[in-house]
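A.B. asks: Below are the sequence and a predicted model for it; my questions follow.
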Amino acid sequence: MSKKETRLSSVELREEDEKMILEGYAILYNEETLIGTREYGFIESIDPNALSEDAIRDVPMKYNHMDSFLIIARTKNKSLELISDEKGLKVRAELLDTQHNKDIYKMVRSGLLEKMSFAFTVKEQEWDHEGEVPKRRITKIDRLYDVSIVDIPAYDNTSIYARSLESMDLELKTMELEKRKIDEALIRKRIDLKIKIGE
């Protein structure tokens, strides 16, 4: 089972005919971002074709990914739109007139809340171990669980991405397994080459 991960980006506020509108980009395509540190981490990017219609079939907008907090907007009732363009996955939410949403809207307007995050699982990924820091490219997102307005990123020094330490450990173990498979394949090729040359 894939581990659920989260990422961060900025959120913007718009006022249209006295409606409460929040906009931002939850995913930025092809943008390389350092996850962790150069010594203990990797560089990640997301392919423009990583998202399918099935992956975003029913997505809620939350606060800090909390299930205990009321849902802010949702694709199911069309109060939340997810639009994939050349830049990334754009989020547009029209907030219902509730006290809870008014508070969120005012906090975004005042600058207290300015980050967006998304929770997801990975279906397909590619690893490149050629450089000093390994690179991970997410080619298919299995499911987008939510987009969230958040106050504090888990990794403050990587301002548009965040994840839990638990998921970092899992990904690093996966990265090591992928590297081991590549190394073993190279050793087998060298052995086969030596056998052919010897013949």
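C.D. replies: Thanks, I have it. Numbers count the residues shown, from 1 in each chain.
A.B. asks: Report the residue spans of this structure with pLDDT below the cut-off.
C.D. replies: Residues of the chain that meet the criterion pLDDT under 70 lie in 1-17, 152-175, 179, 193-194, 196, 198-199.
A.B. asks: which residues in this structure form strands?
C.D. replies: Counting by DSSP state E, one finds strands in the chain at the ranges 5-16, 19-28, 33-36, 41-46, 60-63, 73-74, 80-84, 88-95, 115-128, 135-150.
A.B. asks: out of those strands, nearest to residue 186?
C.D. replies: The minimum distance between residue 186 and the strands of the chain falls on strand 115-128, with 14.2 Å, by Cβ to Cβ. In short, each C-beta sits where N, CA and C put it, glycine included.
A.B. asks: residues touching the residue nearest to residue 119 when sequence neighbours are not counted, list them.
C.D. replies: Nearest residue to residue 119 in three dimensions, chain neighbours excluded: residue 145, at 4.2 Å (Cβ to Cβ, 6 or more residues apart in numbering). Counting by Cβ atoms under 8 Å, 6 or more residues apart in numbering, residue 145 touches 4, 59, 118, 119, 120, 121.
A.B. asks: What is the nearest of those residues to residue 79?
C.D. replies: Of all the contacts of residue 145, residue 79 sits closest to residue 59, with 11.2 Å by Cβ to Cβ.
A.B. asks: out of the contacts of residue 145, who has the most neighbours?
C.D. replies: When neighbours are counted by other Cβ atoms under 10 Å, residue 120 leads the contacts of residue 145 with 27 neighbours.
A.B. asks: That one contacts residue 142, doesn't it?
C.D. replies: Yes. Using Cβ atoms under 8 Å, residue 120 is in contact with residue 142, at 7.4 Å.
A.B. asks: so what's residue 124 up against?
C.D. replies: Each residue near residue 124 by Cβ under 8 Å, 6+ apart is listed here: 138, 139, 140.
A.B. asks: Would you quantify the distance from it to residue 178?
C.D. replies: 12 Å (Cβ to Cβ, to the nearest Å).
A.B. asks: and what of residue 115?
C.D. replies: 30 Å.
A.B. asks: what residues are shared contacts of residue 120 and residue 142?
C.D. replies: The contact sets of residue 120 and residue 142 overlap at residue 55 (Cβ under 8 Å, 6+ apart).
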